[in-house]
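J.: Sequence first, then the predicted structure, then my questions.
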Amino acid sequence: MDAVEKIVEDFASDIGMGAFSSGMRLRTAAEERAVVRRECAAIRAAISENEQELRHRNMAKLMFIHMLGYPTHFGQMECLKLIAAAGFPEKRIGYLGLMLLLDERQEVLMLVTNSLKQDLNHSNQFIVGLALCALGNICSAEMARDLAPEVERLMRSREVNTKKKAALCSIRIVRKVPDLAENFMALATSLLKEKHHGVLISAIQLCTELCKASRDALEYLRKNCIEGLVRILRDVSNSSYAPEYDVSGIADPFLHIRVLKLMRMLGQGDADCSEYMNDILAQVATKTESNKNAGNAILYECVQTIMGIEATSGLRVLAINILGRFLSNRDNNIRYVALNMLMRAITVDAQAVQRHRSTILECVKDADASIRKRALELIFLLVNDTNAKPLTKELVDYLDVADPDFKGDLTAKICSIVEKFSQEKLWYLDQMFKVLSVAGNHVKDDVWHALIVVLSNASELQGYSVRSLYKALQAHGGQGSLVRVAVWCIGEYGEMLVNNVGMLEGEEPITVTESDAVDAVEVALNRYSADVTTRAMCLVALLKLSSRLPSTSERIKQIVGHNKENIVLELQQRSIEFISIIQRHQSIRSSLLERMPVLDEASYLVKRATTTQATISSDKPTSAVTTGGLKLPNGVAKPTGTVLADLLDLSSDGAPATAAASTTTEPSDFLQDLLGIGGANSSVAGAPSSASTDILMDLLSIGSSPSQNGPPAPALSPPGQDTTIDLLSTLSSSSSLSAESKPTPPAIPQAMDLLDGLSSSAPVSGLDNNAHPSITAFQSATLKITFDFKKQPGNPRETTIHATFTNLTSTAFTDFIFQAAVPKFIQLRLDPASGNTVPASGHGSVTQGLNVTNNQHGQKPLAMRIRMSYKVNGEDRLEQGQVSNFPSGL
């Protein structure tokens with residue numbers, strides 16, 4: 001620090017800035033500002049008095065003040081005066097001030113073009129160098145066109161420094177005016193024959209810029225430069241010791257790297273050029289020392305060049321082996337760049353990278369977090385059908401001792417590998433059970449959901465699975481995801497656990513009593529008192545065990561009864577309902593608590609992939625309103641798993657909700673909204689909001705809100721798709737418990753039994769009028785929607801609705817999308833809309849057809865909830881509401 005202060009003090013003393021020297025300590029910003037103001041005032045006075053002898057000192061002071069961050073625009077003209085001076089010292093300060101205080105956008109710069117032209121033709125090479133340096137730093141497009149001929153002439157100069165600076169200046173000219181590239185192609189090629197390394201580096205950099213600027217220049221250099229580049233690389237590789245170019249025993253690594261970069265650019269996609277380079281690249285790769293940093297830099301650039309050109313397979317293997325040696329280096333930076341390069345090389349020659357799999361696997365266990373993550377990503381790319389099992393075993397073994405911060409990433413990769421490459425379900429289940437046991441708290445929800453789907457399909461392995469999970473639960477009860485899967489299995493297959501059903505060959509039987517099974521669930525229920533989802537699953541498991549293990553019913557009733565006064569309304573309601581089932585509904589308990597039907601594994605995987613894609617899209621920066629993370633034209637059918645949260649609340653008794661404010665909807669499964677699971681309901685005040693869930697959570701009856709009077713839960717119908725979803729059929733009293741039961745007479749008031757399902761609303765008159773009046777289905781301050789109706793002859797259940805959307809504002813709506821949802825007894829199909837732009841001020845409209853089929857025509861009226869999303873001047877808007885004024889008879 002003392003040395004720096006001395007340099008500043010000497011500089012301040014030289015330019016007459018005693019106020020800035022260390023003799024006067026400036027302890028506050030206010031003192032500094034005062035000194036700067038005083039000095040700027042003195043400089044302004046000197047400028048107004050035109051004191052020439054102090055001009056260069058004043059410019060030096062201004063540059064120092066500029067570096068401190070204060071405005072110095074008033075001194076710009078002084079730069080031009082110094083540049084126009086005859087002496088070298090004045091020009092030096094003037095050009096330095098020009099480069100520091102001005103840039104190419106300043107209009108003042110136009111005045112310096114003539115001075116630059118004169119100095120470029122000066123007899124003093126040092127003044128020429130100053131002009132070239134300034135032109136290379138602040139050259140504008142106009143200056144480039146005006147002064148390009150002088151720069152071309154100077155590139156033919158005999159002076160080495162002038163050639164070098166002219167070549168560097170021409171790089172700026174080519175960047176500003178690519179059309180001038182053809183003027184420098186021949187000159188750049190001729191400079192490659194020079195011996196001076198500074199000129200060579202400048203010429204190579206110019207050739208690189210020419211390749212970027214023009215396709216013609218690239219082809220020209222491929223024909224005329226390859227031989228020269230190979231010669232330069234061979235000479236510098238075989239040259240003897242030269243102290244002016246030596247870096248740690250390596251001859252000019254900077255020239256090495258520049259040549260290799262240009263070779264990569266010329267050889268990319270050109271087999272002839274690549275073939276000409278192969279020998280010299282092999283020579284550089286084998287002869288360069290790898291025990292020094294400069295040598296490693298050359299080797300890394302050589303590997304990049306080999307991978308970037310059309311090299312032979314043997315040369316690529318050599319390059320990948322160099323990267324393999326890098327992985328054994330002690331320097332973390334070298335190992336990291338090697339892993340990065342191997343990730344790119346795997347697309348070129350995966351087999352060669354596979355040879356270094358064990359070394360890469362060791363990098364996964366490295367102490368450096370960045371190397372661990374990069375190595376894990378590379379291992380994931382290396383996994384195939386042949387090595388999946390040994391690699392998974394290595395990763396699972398390391399999972400037990402991995403850092404907690406790394407376990408999340410490691411667990412996700414292991415689960416992805418197991419799901420992707422499992423050829424037999426037994427191996428898949430074993431690996432997933434190990435992961436759940438070691439890192440269950442790091443397993444994502446969709447992973448254990450998928451595991452439950454697989455378990456429901458593997459009937460021959462259900463007994464083995466419930467026993468394995470029971471043993472894991474006893475040993476690793478603190479892993480949350482393990483507890484959830486184990487509790488679910490014990491509830492579904494408890495009798496298999498107790499009776500050792502489905503024993504596999506070589507499996508040792510275990511002794512588990514009915515009381516032990518209930519104990520396991522009870523321990524989980526008490527341990528996870530703050531986790532509503534786990535506690536809800538435990539209550540469901542206990543209810544199922546009361547049917548599968550009847551002797552434990554009384555004890556289960558007591559355990560469940562402890563939650564009757566739980567502060568969580570969800571758990572309180574479940575406890576009361578479950579106790580009622582155990583006490584009052586024993587006759588139907590066995591049928592009510594039958595084993596869960598086999599889940600469609602293929603459909604679940606498709607839905608999961610769609611939901612994952614929507615989640616990825618929502619993580620990217622988007623506007624305030626997104627439609628399920630997917631932007632589709634109006635009327636185009638969405639994938640089945642597309643998210644539409646908070647659209648379907650037809651069971652609310654409130655008025656239709658109309659919202660014009662922009663809101664952001666979190667991705668969740670569309671089935672969660674149908675069943676009121678976890679999603680925030682915009683029509684019910686104070687409805688609790690929970691995390692996203694899916695069909696599996698619905699089947700587990702987890703997180704649903706208390707049932708309300710009203711129509712059954714609705715089904716979502718994306719445009720262009722005929723959808724019928726009967727998700728609550730298992731809860732409907734007339735359809736699930738007795739297929740032959742008679743409907744309740746309409747004159748008798750109906751009540752809703754939480755255990756016997758949702759009662760039907762009073763029948764609606766079945767009058768079928770052929771002509772139905774148009775209605776205004778929705779109207780806000782910005783948008784109006786009218787419905788026209790047409791009945792299909794001979795089919796009273798089917799109605800065609802013609803929707804017309806009218807813009808009431810003075811600004812057009814763009815990207816307009818209309819969506820609708822109906823209860824489960826209605827089928828809905830949306831036709832494509834006539835357009836996705838609604839004209840302003842009612843000058844035109846957008847129309848769309850809807851086809852609805854009321855399967856309970858004459859008993860229940862139509863009900864529909866709608867949502868419209870669009871953009872106004874690029875800003876997303878969202879409006880939604882409920883259509884409750886349909887004409888009778890529909």
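T.: Structure received.
J.: residues touching Q792, list them.
T.: Counting by CB atoms under 8 Å, 6 or more residues apart in numbering, Q792 touches 798-800. (Glycine included, C-beta is placed from N, CA and C.)
J.: looking at those residues, which has the most residues close by?
T.: Greatest neighbour count in those, by other CB atoms under 10 Å, goes to T799: 24 neighbours.
J.: can you pull out the helices in the stretch 251-400 of the chain?
T.: Assigned by DSSP state H, counting those that start in this stretch, the helices in the stretch 251-400 of the chain fall at 253-267, 271-287, 293-308, 313-327, 332-345, 350-354, 357-364, 369-382, 388-399.
J.: Show me what counts as buried in the longest one.
T.: Right, helix 271-287. 273-274, 276-278, 280-282, 284-285 (16 or more other CB atoms under 10 Å).
J.: and the residue lying closest to N807 once chain neighbours are set aside, what pLDDT?
T.: Distances taken as CB to CB, 6 or more residues apart in numbering put V838 closest to N807, at 4.3 Å, once the chain neighbours are dropped. Looking at V838, its pLDDT stands at 92.
J.: V838: neighbour count?
T.: Neighbour tally, V838, other CB under 10 Å: 25.
J.: Return the distance of L382 relative to Q351.
T.: 10 Å (CB to CB, to the nearest Å).
J.: out of those two, which sits in the busier spot?
T.: L382 (18 against 10).
J.: you'd agree the more buried one is up against A388?
T.: No. Using CB atoms under 8 Å, L382 is not in contact with A388, being 10.1 Å away.
J.: Just list whatever residues bridge to the nearest residue to T814 once chain neighbours are set aside.
T.: Of all residues not flanking T814 in the chain, K871 sits nearest, at 4.7 Å (CB to CB, 6+ apart). When assigned by DSSP bridges, K871 has beta-bridge partners T814, D876.
J.: Go ahead and confirm K871 touches A812.
T.: No. Taking CB under 8 Å as the definition, K871 is not a contact partner of A812, at 9.4 Å.
J.: what sits up against the longest strand seen in the chain?
T.: The residue-count maximum for a strand in the chain (DSSP state E) belongs to strand 795-807. Strand 795-807 is contacted by residues 768, 777, 782-792, 813, 816, 818, 838-842, 845-855, 857-858, 862, 868, 890 when judged by CB under 8 Å, 6+ apart.
J.: Now, those residues that are in strands?
T.: Secondary structure from DSSP E places 777, 783-792, 816, 818, 846-854, 868 of the contacts of strand 795-807 in strands.
J.: Am I right that V846 is in contact with V838?
T.: Yes. Assessed by CB under 8 Å, V846 is found in contact with V838 at 5.1 Å.
J.: and the residue nearest to T814, how many neighbours?
T.: Using other CB under 10 Å: K871 sits among 18 other residues.
J.: Could you pull up the residues touching it?
T.: Contacts of K871 (CB under 8 Å, 6+ apart): 623, 813-815, 877.
J.: Write the ChimeraX selection for whichever of these are buried.
T.: To isolate the buried subset of the contacts of K871 in ChimeraX, counting by 16+ other CB under 10 Å, use the following:
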select :813,815,877
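J.: Taking the contacts of K871, tell me the two that lie furthest apart.
T.: S623 and F813 (14.5 Å; CB to CB).
J.: Point out where this structure drops to low pLDDT.
T.: 1-25, 612-770 (pLDDT under 70).
J.: Swap in 80 and give it another go.
T.: The chain contains residues with pLDDT under 80 at 1-27, 49-54, 103-104, 106-109, 240-242, 586-587, 601-771, 792-794, 890.
J.: looking at it, H476 is touching N441, isn't it?
T.: No. Assessed by CB under 8 Å, H476 is found out of contact with N441, at 10.1 Å.
J.: mind listing the strands for the chain?
T.: 246-247, 250-251, 714-717, 775-779, 783-792, 795-807, 814-823, 826-830, 846-854, 864-872, 875-883.
J.: Kindly tell me how buried I417 is, as a neighbour count.
T.: As a burial measure, I417 scores 20 neighbours (other CB under 10 Å).
J.: That one and K790: what is the separation?
T.: As for I417, its distance to K790 is 56 Å (criterion: CB to CB).
J.: what's the answer for P390, then?
T.: 66 Å.
J.: more neighbours, the two?
T.: K790 (14 against 11).
J.: Not counting sequence-adjacent ones, nearest residue to that one?
T.: Using CB to CB, 6+ apart, the nearest residue to K790 is T800, at 4.6 Å.
J.: Name the residues contacting each of V846 and V838.
T.: What both V846 and V838 touch, as defined by CB under 8 Å, 6+ apart, is the set 805, 816.
J.: Assess the claim that V521 and C538 are in contact.
T.: Yes. Taking contacts as CB under 8 Å, V521 lies within contact range of C538: 5.3 Å.
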